[in-house]
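Q: Here you go, sequence then predicted model.
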Amino acid sequence: MSTTRPYPPGDLGPEPGGAGASAAVPAAATPAGQIRRLRLAGTRGAVARARDFARQALHDWGWLPAANADQRAAAEDVLLVVSELVTNACLHAEGPEELRLRCTSKVLRLEVSDLGAGSPAPRSPHRPGRPGGHGMFIVQRLCLDWGVVRNADGAGKTVWAELAAPS
């Protein structure tokens, strides 16, 4: 698990700023701090629903259709991370409860809540030639940061990941 930015779900921490900072996506395309939620508890096809939901949000926020290869890669990374986090909740945590997406001009934060007790972690050592066990390694490689926040009542957790907005 990442420990470099252990902010709770929904808190992106301090905004980087100062001279030379610029938005990667036009402000008109990305409403500041907009949050989208998809309830997944008890649904069939949760991974496909989550990807479709995220894809629509990326369209609405101007990430898709992509104007260039870098923007296309950024959108594909988001969809892959959504798939991995929701799949992990399906396989290891009695299924996902909710997917949340929060978009700013600099960062897209993905959050998947579930009622599971375990904590995801990349398999170590990572063995690329073996099937399975690559989900959190992929998340770790593609994201700026990720982490786990336990629910205050002790039942469940939220796994979050942050990706950079496309340039």
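A: Noted; the coordinates are in hand.

Q: tell me, what residue is most central in this structure?
A: The centroid of the chain falls nearest to Leu110 when counting by C-alpha atoms, centre = their mean (2.8 Å).

Q: Val82 versus that one, what's the distance?
A: Distance from Leu110 to Val82, counting by C-beta to C-beta, to the nearest Å: 6 Å. The C-beta positions use only the backbone N, C-alpha and C, and glycine is treated the same way.

Q: Could you pull up the contacting residues of the closest residue to the residue nearest to the centre of the chain other than its chain neighbours?
A: Excluding its sequence neighbours, the residue lying closest to Leu110 (C-beta to C-beta, 6 or more residues apart in numbering) is Ala161, at 4.9 Å. Residues in contact with Ala161 (C-beta atoms under 8 Å, 6 or more residues apart in numbering) are 81, 85, 109-110, 139, 143, 145-146.

Q: can you pick the most crowded of those residues?
A: Of all the contacts of Ala161, the highest neighbour tally under other C-beta atoms under 10 Å goes to Leu85, namely 26 neighbours.

Q: which residues does the nearest residue to it once chain neighbours are set aside bridge with?
A: Closest residue to Leu85 apart from its sequence neighbours, by C-beta to C-beta, 6+ apart: Val112 at 4.3 Å. Listed by DSSP bridges, the beta-bridge partners for Val112 are Leu99, Val159.
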